[in-house]
Every structure is written in C-alpha cells, then in structure tokens.
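A.B. asks: Sequence plus the predicted model coming up.
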Amino acid sequence: MNKNEIDYSKAAASPAFQQLLKRKRAFIVPMTVFFLLFYFLLPIMTSYFTFLNQPAAGAISWAWLFAVAQFVMTWTLCILYTKKADQFDRMANDFKKEIGGVES
C-alpha cells in the first residue's frame, strides 16, 4: 500500500469516525421524525377532526395557524441543521487530518 493511500476499512472502523456518525445520526434521525410527524399531522388532522376549523383569531382558523407554523418549523430546522453541519464539518476535517487525507 502506498504511503498516501488511505485504508478505508480501517478509517471506517476508527473511533473518531464512529463518533462522527453517531453524533450525526443522533441529530438527523430525531429531526427527520419530528419534521415528518409535524408535516403530515396537518392533513391527517384536517381529514379526521373538525377542531382545527374553529376560529383562532377572527376569520383565521387553527388550521391556518398550523400551516403557518409549518413554515416556521421548516426555517427553524434549516437554521439548526446549518449550525450543526458546521460542527460535523469540523469533526470530518479533523478526522481527515488524522487519517492523512486532504482537508477540503
């Protein structure tokens, strides 16, 4: 094996890489589950229940507020992911230095 070649099997089994994967999974999986539940809850609730049709403020129903909340939730999750991705990128760059890869 050439000195500059990376043993990917060894790299994938390393504790630093496993920690990176664990931290990414611990963030991404719950956020994805939350997003999907929140997103599909509106059509399900409006199909089977009528309380979202009640006025919340004037002519604005609870369904409209829930729909607007979905936009807020999407932007919030995007901002959270962007900040968290910076941490993941730093961890990945540290790992690449550790195994002898080139920092990008």
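C.D. replies: Nice, thanks for sending it over. Residues are numbered from 1 along each chain as shown.
A.B. asks: which non-adjacent residue is nearest Leu41?
C.D. replies: Nearest residue to Leu41 in three dimensions, chain neighbours excluded: Phe66, at 7.8 Å (Cβ to Cβ, 6 or more residues apart in numbering). C-betas here are computed from N, CA, C, even on glycine.
A.B. asks: Ala63 touches Thr46, doesn't it?
C.D. replies: Yes. Ala63 is in contact with Thr46 according to Cβ atoms under 8 Å; the separation is 5.6 Å.
A.B. asks: Please enumerate the shared neighbours of these two.
C.D. replies: Taking Cβ atoms under 8 Å, 6 or more residues apart in numbering as the contact rule, Ala63 and Thr46 both touch 52-53.
A.B. asks: Could I get the pLDDT score of the residue nearest to the spatial centre of the chain?
C.D. replies: With distances taken as Cα atoms, centre = their mean, Ile28 lies nearest the centre of the chain, 3.8 Å away. Note on Ile28: pLDDT of 95.
A.B. asks: A helix includes it, no?
C.D. replies: Yes. With DSSP: H, G, I helix; E, B strand; the rest coil as the criterion, Ile28 is part of a helix.
A.B. asks: And it, how close does it get to Leu20?
C.D. replies: From Ile28 across to Leu20, the span is 12 Å (Cβ to Cβ, to the nearest Å).
A.B. asks: Also Ser14?
C.D. replies: 10 Å.
A.B. asks: And Phe88, by the same measure?
C.D. replies: Distance from Phe88 to Leu20, by Cβ to Cβ: 7 Å.
A.B. asks: What of Leu52?
C.D. replies: In this view, Leu52 and Leu20 are 41 Å apart by Cβ to Cβ.
A.B. asks: now Trp64
C.D. replies: Separation of Trp64 from Leu20 (Cβ to Cβ): 41 Å.
A.B. asks: ok, which stretches of the chain are strands?
C.D. replies: 55-57, 60-61 (DSSP state E).
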